[in-house]
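> Please work out how this folds:
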Amino acid sequence: TNVEAAIASAKRGQAVYRAERNGIIHASIGKLSFTDQQLIDNLKALQLALLDARPKSAPKGVYFKAAHLSTTMGPGVLVDNDRINPQSKYFLMQPSVA
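Numbers count the residues shown, from 1 in each chain. Below is the predicted model of the structure:
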């Protein structure tokens, strides 16, 4: 493989993900050392990459139905659908603490 090309594309913001046949996407959006804003920026970049890769023949409607975040070997935590839907007014907003 061409290491220089891989490094250059990573610096340009290439999103790396793995898709299963039934529509499940696996991707890394950060590490423990990342700030909250870096994770949010990476999630936005991943969503844009997935929307760009969406086939033109795909049906219209909700494209992101659910999201779960987890550590490498930890349990997944369900993310509120309003936080991952780009049409929602709550898209990627920090939840308010009561």
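
> only C-alpha atoms for contact and neighbour calcs from this point on.
Noted.

> Confirm that Lys44 sits in a helix.
Yes: assessed with DSSP: H, G, I helix; E, B strand; the rest coil, Lys44 lies in a helix.

> What's the mean pLDDT across stretch 36-50?
Averaging pLDDT along stretch 36-50 yields 80.

> Correction: the previous question concerned stretch 82-92.
Averaging pLDDT along stretch 82-92 gives 75.

> List the buried residues for that stretch?
Using 16 or more other Cα atoms under 10 Å as the test for burial, stretch 82-92 gives 82-86, 92.

> how about the CA coordinates for it, as PDB?
Taking C-alpha atoms only, stretch 82-92 is exported to PDB below (Å, rounded to 0.1, in the frame of the first residue of the first chain):
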ATOM      1  CA  ASP A  82     -33.000  14.100  17.400                       C
ATOM      2  CA  ARG A  83     -29.200  14.500  18.000                       C
ATOM      3  CA  ILE A  84     -28.300  12.600  14.800                       C
ATOM      4  CA  ASN A  85     -31.000  13.800  12.400                       C
ATOM      5  CA  PRO A  86     -29.600  16.700  10.400                       C
ATOM      6  CA  GLN A  87     -33.200  18.100   9.900                       C
ATOM      7  CA  SER A  88     -33.700  18.300  13.700                       C
ATOM      8  CA  LYS A  89     -33.300  21.600  15.600                       C
ATOM      9  CA  TYR A  90     -31.400  19.500  18.200                       C
ATOM     10  CA  PHE A  91     -28.900  18.100  15.700                       C
ATOM     11  CA  LEU A  92     -25.600  17.500  17.600                       C
END
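
> And that stretch, how far out from the chain middle?
Offset of stretch 82-92 from its chain centre (Cα atoms, centre = their mean, to the nearest Å): 13 Å.

> Identify the residues contacting Ala27.
Ala27 is in contact with 16-18, counting by Cα atoms under 8 Å, 6 or more residues apart in numbering.

> what about it, distance to Gln47?
Remark: distance between Ala27 and Gln47 (Cα to Cα, to the nearest Å) = 11 Å.

> For Val3, grab phi and psi.
Torsion angles at Val3 (phi, psi; degrees, to the nearest 10) stand at phi -70, psi -40.
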